[in-house]
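> turn this into a structure:
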Amino acid sequence: RPKEQFFYLPWSLHPHCRGSPDAHSKCKSAERKELGLCSAPGDFEPETQTSSHFTRNYFSISVTGKSLPSLHTVMILKYQYRHSCLVLVAKVLEFQLQHQFQSVSEKLHMECKAEMVTPLVTNPGHACVTDTTLYFQPLNGYPKPVVQIMLQDIRRIYKRRHGLMPLGLEVFCTEDDLCSDIYLKFYERQDRDDLYFYIATYLEHHVPERTAEGYTLQWQRGLLSNYQYLLHLNSLADRSCSDLSQYPVFPWVIGDYSSSELDLSNPETFRDLSKPVGALNQERLERLLARYQEMPEPRFMYGSHYSSPGYVLFYLVRIAPEYMLCLQNGRFDNADRMFNSIAETWKNCLDGATDFKELIPEFYGDDVSFLVNSLKLDLGKRQGGQLVNDVELPPWARSPEDFLRKSRAALESEHVSEHLHEWIDLVFGYKQQGRDAVGAHNVFHPLTYEGGVDLNSIEDPDEKVAMLTQILEFGQTPRQLFVTPHPRRITPKFKSLSQPSSYNASSADSPGEESFEDLTEESRTLAWSNIARLEPQEHHRIHKEAVTGIAVSRNGSSIFTTSQDSTLKMFSKESRMLQRSISFSNMALSSCLLLPGDATVISSSWDNNVYFYSIAFGRRQDTLMGHDDAVSKICWHDNRLYSASWDSTVKVWSGVPAEMPCARKQHFELLAELEHDVSVDTISLNTAGTLLASGTKEGTVNIWDLTTATLLHQIPCHEGTVGDTAFSPDSRHVLSTGADSHLNVIDVQTGMLISSLSADEPQRCFLWDGNSVVSGSQSGELLVWDLLGGRVTKRIQGHTGAVTCMWMNEQCSSVITGGEDRQIMFWKLQY
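Residues are numbered from 1 along each chain as shown. Next up, the predicted model:
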């Protein structure tokens, strides 16, 4: 009819009417309410035409002013009864509705078809974003006619993977909640990306989601708990509470559910986190491996996954029975297969032929409702005659609250902290796929992995739906976050109290400062906690070119500096006067250091040499001609000299003991040569002198084991020259800066880049304590960084040119900097 929209529906497809128009009239009212198409009699009236072959019914839909603010598009009505053979599909319904926004002044940016993801169901509809609001109009008006989210209320927005495809978008209006305010799935990736761009551009406070490595440093240093870290990793791996097929996954950590007391100091209390659940029982594993060897390609070890909608609802049936009923065709599962007992569930995971499930976050939270049948549900009766009610707790748990409290304590225990990285390797890391997964007995069905099937290449719609259904219901492996071994968490067992590598071994109090006879870790911690209170005291221009190196005598009275003007200078802090100026050649000097005893200064030069200068005798003591190109940096530890050069080598030499007469020339013995592919611009040692970090012209940081002169890790982490490197006080991390303006933190044990911060300009040099950084910038500022928070906390104006070198005293209360402006500046903490 004119001005009315029609679709027809053969009666034989209607699930209730059984082909009868009379039967249809009886269920029409209930059905239309279920469809959400009309709310009052007369809104949805059929007209019937009969032929010899089938009955055709035309339905007219009136558009009123109270109707949904739909968009200009073609809408498809789809009604599917899940897990049954009866499907009602309306054909194509075209109509145009006038936009009805919150304000007439709103400007539409974009609109597209989308689906709202809820547990077990994706609800089709349309999404649009204006300059103030995100709208989603569900096609059936559920959960409400229009979902509206003000852009100013949005706090987080993340791109998500849905059905193993990059089509999801999750929006949060809170900072910490697990559940989002809306989860949308798009039909085209470009639509998802465009909507993300519009919203992210609007949000002034929007910060793109960190990489997994960005959270790793915070976790290692104790800023994040194990629970918080796992939540972050799940979120980064596209796990969401709105999507049961990708619900957050947590590990079983306790292996003792029979003792009367839970002993968290006993390693036997815990599950082996280095193995997947399927490999915890050796006898079962051998059977699975035998089947795996006989299986044709593609092979897999486990026929079920560790996380799927069925497993999630197995745990949550007491608080989400409606989802379980939907999944089980309107019935609860057999009473003996329900979540009846913690101990029984764990035993079945160990012994069951097809049960390899892990846990969910609720086991380590503070809400006990999933353990208690507070809704008084009739969950059936077990074979022994007992009714299924609350979950049976292990003997060591006095109550559901006590169970969760002790489970969380186990998750945060020292033992789990020391081994959690092994489980992360299996679920989120390098043992998730490939040869390492095979070696770890961690291979699941190919359809559970991203890239296991290309849905877009499947042309048959039935086959495509079947494949997608299998992906969503069987379980999905999280997106892989790490491709190298995950670093271990720093615990008291592995924590070193060694001195920071950025401290000069010969340094002491600066003149005029109090001397701390009993220097403690607490005093340094106090100084670094107030490092933003660093203030300039005085400055002196003593060179004709950029300052390249600073060394300070033990009593703090003499400051030695090198410069590109080819001179080594000795400046008196007390008299504020230049005392000596020494020139070894007509080429630039690149760095300097004081040997223990303050008798000799060593300087490196662009003329390929290293010069030894006797302070007492006032002359050059010796020259080491050991390189074929400029010497860029030198270090000293335990009578050994380490020299880096543009000739692509770092050389280790036997040195000059401090007690030997200064006038006596020494024979230098080459102990080791660390070869690089390109020129080496900087080096640093850890405090024990067992590790060396080198930075190259092409942006690579290398970590060397000096006890064996072998390369441990080679990390290409900068675009352009590496400016400076230094180990953390505990030797667990290396920080590097480069010409690309990045500050990168590398885990020494694994070689993983675990944090990368971007500055506005290159940071030429720095000091750090493992948590905070003071860096010297290209513009002359000193920047104070909260490394764990990933931000600059203070900018302090200093030099008029780039800051090129820095020195800090042992108490961490005084700093001296050198710059391209030819000055040295003295800084002091103001408590």
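> gap between the closest residue to residue 568 other than its chain neighbours and residue 560?
Closest residue to residue 568 apart from its sequence neighbours, by Cβ to Cβ, 6 or more residues apart in numbering: residue 582 at 4.5 Å. Glycine gets a C-beta too; all of them are placed from N, C-alpha and C. According to Cβ to Cβ, to the nearest Å, residue 582 stands 10 Å off from residue 560.
> those two - which one has more neighbours?
residue 560 (24 against 19; other Cβ atoms under 10 Å).
> and that one, what is it in contact with?
Applying Cβ atoms under 8 Å, 6 or more residues apart in numbering to residue 560 gives the contacts 550, 551, 552, 553, 568, 569, 570, 571, 592, 594, 601.
> among those, name the ones in helices.
Taking DSSP state H, every one of the contacts of residue 560 sits outside helices.
> in what helix or strand does residue 743 lie?
Take DSSP states H and E as the rule and residue 743 turns out to sit in strand 742-747.
> so what strands line up beside that strand?
strand 733-738 (antiparallel), strand 753-758 (antiparallel) (DSSP bridges).
> picking that back up, so the residue nearest to residue 568 sits right up against residue 565, yeah?
No: taking contacts as Cβ atoms under 8 Å, residue 582 lies outside contact range of residue 565: 11.7 Å.
> and the nearest residue to residue 379 once chain neighbours are set aside, what does it touch?
Of all residues not flanking residue 379 in the chain, residue 388 sits nearest, at 3.8 Å (Cβ to Cβ, 6+ apart). Residues near residue 388 by Cβ under 8 Å, 6+ apart: 335, 338, 340, 373, 379, 380, 381, 382.
> which residue ranges of the protein form helices?
21-35, 189-202, 212-220, 226-236, 282-294, 309-316, 321-327, 342-351, 400-411, 414-427, 434-439, 461-474, 521-529.
> who wins for proximity to residue 612 among these?
Counting by Cβ to Cβ, residue 612 lies closest to helix 521-529 out of the helices of the chain; the figure is 31.3 Å.
> tell me which other helices or strands the closest one touches.
Contacting helix 521-529 under the criterion 3 or more Cβ pairs under 8 Å, 6 or more residues apart in numbering; DSSP states H and E is no other helix or strand.
> so what's the gap between it and the chain middle?
Put simply, helix 521-529 sits 28 Å off its chain's centre (Cα atoms, centre = their mean, to the nearest Å).
> got the CA coordinates for that helix in CSV?
The C-alpha trace of helix 521-529 is given here as CSV (Å, rounded to 0.1, in the frame of the first residue of the first chain):
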residue,chain,number,x,y,z
GLU,A,521,68.8,2.9,51.2
GLU,A,522,66.1,4.9,52.9
SER,A,523,68.1,8.1,52.6
ARG,A,524,68.4,7.6,48.8
THR,A,525,64.7,6.7,48.6
LEU,A,526,63.8,9.9,50.4
ALA,A,527,66.0,12.0,48.1
TRP,A,528,64.5,10.4,44.9
SER,A,529,60.9,10.9,46.3
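> quick one: average pLDDT of that helix?
Averaging pLDDT along helix 521-529 yields 84.
> now do stretch 767-776
pLDDT averaged over stretch 767-776 gives 94.
> for stretch 449-457, same thing?
Per-residue scores along stretch 449-457 average to 80.
> quick one: pLDDT of the residue nearest to the spatial centre of the chain?
Centrality entry for the chain: nearest residue to the mean C-alpha point is residue 212, 1.6 Å, by Cα atoms, centre = their mean. pLDDT recorded at residue 212 is 79.
> which ones are touching it?
232, 233, 236, 428, 481, 482.
> hang on, the earlier thing: list the residues that contact both of residue 582 and residue 560?
In contact with both residue 582 and residue 560: 568, 569, 570, using Cβ under 8 Å, 6+ apart.
> would you reformat those as a markdown table and include pLDDT?
Compiled in a markdown table, those are given as follows (pLDDT from 0 to 100):
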| residue | pLDDT |
| --- | --- |
| 568 | 96 |
| 569 | 96 |
| 570 | 96 |
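> where does the stretch 301-450 of the chain have low pLDDT?
For the stretch 301-450 of the chain, no stretch has pLDDT under 70.
> wait, the chain
For the chain, the ranges with pLDDT under 70 are 1-100, 204-210, 492-520, 655-667.
> show me how it divides into domains.
91-209, 229-474, 522-655+667-829 (the TED database).
> any idea how far apart the tips of the second one sit?
If I follow you right, that is domain 229-474. 26 Å (Cα to Cα, to the nearest Å).
> again, but for stretch 428-437
Start-to-end, stretch 428-437 (Cα to Cα) is 11 Å.
> with stretch 562-574 instead?
20 Å.
> report the buried residues of it.
Of all the residues in stretch 562-574, those buried under the rule 16 or more other Cβ atoms under 10 Å are 562, 563, 564, 565, 566, 567, 568, 569, 570, 571, 573.
> could you dump those residues to a markdown table with distance to residue 397?
Formatted as a markdown table, those follow (distance: Cβ to Cβ, whole Å):
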| residue | distance to residue 397 |
| --- | --- |
| 562 | 66 |
| 563 | 69 |
| 564 | 69 |
| 565 | 73 |
| 566 | 74 |
| 567 | 73 |
| 568 | 70 |
| 569 | 71 |
| 570 | 70 |
| 571 | 68 |
| 573 | 65 |
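> hey, C-alpha coordinates of stretch 800-815 in CSV?
Extracted as CSV, the C-alpha positions of stretch 800-815 are listed here (Å, rounded to 0.1, in the frame of the first residue of the first chain):
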residue,chain,number,x,y,z
THR,A,800,70.4,27.5,27.1
GLY,A,801,71.4,24.6,24.9
ALA,A,802,71.2,20.8,25.1
VAL,A,803,72.1,19.1,28.4
THR,A,804,74.9,16.7,27.4
CYS,A,805,76.1,15.1,30.7
MET,A,806,75.0,14.6,34.3
TRP,A,807,76.6,13.6,37.6
MET,A,808,74.9,12.8,41.0
ASN,A,809,76.4,12.4,44.4
GLU,A,810,76.0,9.3,46.5
GLN,A,811,73.3,10.8,48.7
CYS,A,812,71.3,11.7,45.5
SER,A,813,70.9,15.3,46.9
SER,A,814,73.2,17.1,44.5
VAL,A,815,73.5,17.1,40.7
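> nearest to residue 521, out of the strands paired with strand 742-747?
Closest among those, once you apply Cβ to Cβ, is strand 733-738, at 17.3 Å.
> what sits against the nearest residue to residue 117 once chain neighbours are set aside?
Excluding the flanking residues, the one nearest residue 117 by Cβ to Cβ, 6+ apart is residue 183, at 4.2 Å. When contacts are counted by Cβ under 8 Å, 6+ apart, residue 183 touches 116, 117, 118, 160, 168, 169, 170, 171, 240, 242, 243.
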